[in-house]
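Chemist: Sharing a sequence plus its predicted fold:
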Amino acid sequence: AQWSSSIYHAQPAGPGLPSADPSAAAMISCVLFTIPSFCAARCAGPFCHFVCDDFTAPARCARSARLRLWITERGTTVRGGYTGSMSYSAPETAGNRHPRTAHPDASRGERVQIFALPTRTMYGPLRFSWLSYLGLAEQQHAAQLPTPAAAVSYLSTQALMRAMAAARLDVPSSAASEIEVDRSCTLCTSGKKHGKPRIAGVNFNMSQVNPLVVGAFSRNPSAVLGVDVETMDARLFSGFARLALSDEERAFYERVAQERPASTLRLLSLALWTAKEAVLKATGHGLSVVPSLVRVQFSEQLLDALEATLGAETSEDPAHGPEDSGTEASENTGSNEELLKNLTGETLRASAVFRTPGDDTEDNPERTFALQWVPVALPGAKSPEHAQKMLIALAVENPAHSEPTQGEPAQVEVELLPVATPLELKRLLTD
């Protein structure tokens, strides 16, 4: 770390690496330049695959022309290394599909796992195990972002996404950067790479806010899912009710504004916004359409449950706000409860409908979604008793084997899984 920090200080400060935060720059420098010495010393036999894949080595270590690697593949040992350009993707045919992507039992509700990674992990010693999944393109993009916090959030999101895909596709971390991510837009003909990220054979969706990255995953390849996360202190844009809410939602919103305190109205706004974002991320529209096209079926009972769980105010210490939560990593790698706390055992469910802009015809039917919120608290790195509260919203489109009846939302089994290392993520995904 000292060496990489000295490299940073020897370079002229640029817009992507502000000189005010050398710790973040040192982290990025480690990604770009360093190779752990113990890995280099052991890259002489089959043990290298285990070390490089599960612990610390950056991806470039496995492709170094100066190292003669032995990489195990499908039970055999192949001499050499990853020296060429490769692209990993899942087989397209049903017969060759990976056994873990089989459709789940229809007798059970749709099961979705939400993996959560605190971004402060990227400031601690465990960062190497995550950053080894990234390639040069992600590193260069992170270096061009305006703030260190934005760079760390981006790297955390990409690392979690590629680690999830690598675990499902049986790709080692040293080649995870070669997994093809399709970002083409399916809703326009511009050809720009601004669409919903897709990886063949992996059904996922990502969301991030400064202290936390979440990745929703389903073993059902046909499930349409979206996820969003926001901090409780998030400030929504001016004119939120007028621009983002449908007529029914606005009427409910105005009634709450008259009868409840301002903190409850803020909680309602956050719940509605995260739900709408999750639905629009699931469909791939994002904010290319007005959020009022998503109509959330909210109720007084659901608002009461959210208020009882999250309370009127967050318990966050002002001295440890979101901008400071990642500047010093916690050395604690214990239980998942110490990484991220689920604030309620109660299921917070609703439903939503969405119709794309156009005529109300059979060619443009309404799409229904099951919604579920998961309130969480991220303990402070220095003071665990001061936790930052956040709200995660998951949207899953109308599972075919769990149709909603009498206005009730479809049953979706959601499992929140905080992870500290890619090895733990791999174990959870392959169970």
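Modeler: Alright, I've got the coordinates.

Chemist: show me where this structure has strands.
Modeler: 70-73, 76-79, 110-118, 203-209, 212-218, 225-231, 294-296, 341-342, 348-354, 367-379, 387-397, 412-418 (DSSP state E).

Chemist: Please convert those strands to CSV, extending it with mean neighbour count and mean pLDDT.
Modeler: Using the backbone N, CA and C atoms, a C-beta is placed for each residue, glycine as well. Formatted as CSV, the strands of the chain follow (neighbours: other Cβ atoms under 10 Å; pLDDT from 0 to 100):
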stretch, mean neighbour count, mean pLDDT
strand 70-73, 15, 30
strand 76-79, 9, 32
strand 110-118, 23, 94
strand 203-209, 22, 96
strand 212-218, 26, 97
strand 225-231, 24, 96
strand 294-296, 25, 96
strand 341-342, 17, 90
strand 348-354, 20, 95
strand 367-379, 23, 95
strand 387-397, 26, 95
strand 412-418, 19, 93
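
Chemist: Present those strands as a markdown table; the columns should include distance to residue 150.
Modeler: Shown next, in a markdown table, are these (distance: least, Cβ to Cβ, whole Å):
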| stretch | distance to residue 150 |
| --- | --- |
| strand 70-73 | 35 |
| strand 76-79 | 39 |
| strand 110-118 | 16 |
| strand 203-209 | 10 |
| strand 212-218 | 13 |
| strand 225-231 | 15 |
| strand 294-296 | 27 |
| strand 341-342 | 26 |
| strand 348-354 | 30 |
| strand 367-379 | 18 |
| strand 387-397 | 18 |
| strand 412-418 | 22 |
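
Chemist: out of those strands, nearest to residue 156?
Modeler: Closest of these to residue 156 is strand 212-218, at 4.5 Å (criterion: Cβ to Cβ).

Chemist: Would you give the sheet partners of that closest one, along with the direction of each?
Modeler: strand 110-118 (antiparallel), strand 203-209 (antiparallel) (DSSP bridges).

Chemist: could you redo these as a markdown table and give each row distance to residue 283?
Modeler: A markdown table is the format used below for the strands paired with strand 212-218 (distance: least, Cβ to Cβ, whole Å):
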| stretch | distance to residue 283 |
| --- | --- |
| strand 110-118 | 16 |
| strand 203-209 | 11 |
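
Chemist: Would you mind saying which of the strands of the chain lies nearest residue 302?
Modeler: Comparing the strands of the chain by Cβ to Cβ, strand 348-354 comes nearest, at 5.9 Å.

Chemist: packing partners for that closest one?
Modeler: Packed against strand 348-354, as judged by 3 or more Cβ pairs under 8 Å, 6 or more residues apart in numbering; DSSP states H and E, are the following elements: helix 262-283, strand 294-296, helix 300-310, strand 367-379.

Chemist: Quick one: closest of the ones you listed to residue 166.
Modeler: helix 262-283 (22.2 Å).

Chemist: Pull out the buried positions in the closest one.
Modeler: 264-283 (16 or more other Cβ atoms under 10 Å).

Chemist: Kindly provide the whole-number mean pLDDT of that helix.
Modeler: The pLDDT scores in helix 262-283 average 95.

Chemist: check contacts around the closest residue to residue 277 other than its chain neighbours.
Modeler: Spatial nearest neighbour of residue 277, excluding adjacent residues (Cβ to Cβ, 6 or more residues apart in numbering): residue 228 at 3.9 Å. Going by Cβ atoms under 8 Å, 6 or more residues apart in numbering, residue 228 touches 207, 274, 275, 277, 278, 281, 392, 393.

Chemist: What of residue 138?
Modeler: Residue 138 touches 154, 155, 158, 177, counting by Cβ under 8 Å, 6+ apart.

Chemist: For residue 372, state which of these is nearest.
Modeler: Closest to residue 372, out of all of the contacts of residue 138 and judged by Cβ to Cβ, is residue 158, at 25.6 Å.

Chemist: Surely that closest one and residue 131 touch.
Modeler: No. Residue 158 is not in contact with residue 131 according to Cβ atoms under 8 Å; the separation is 9.5 Å.

Chemist: which stretches of this protein form helices?
Modeler: Along the chain, the stretches classed as helices by DSSP state H are 2-10, 22-33, 37-42, 47-54, 59-62, 127-131, 136-143, 148-169, 240-244, 247-259, 262-283, 300-310, 336-339, 422-430.
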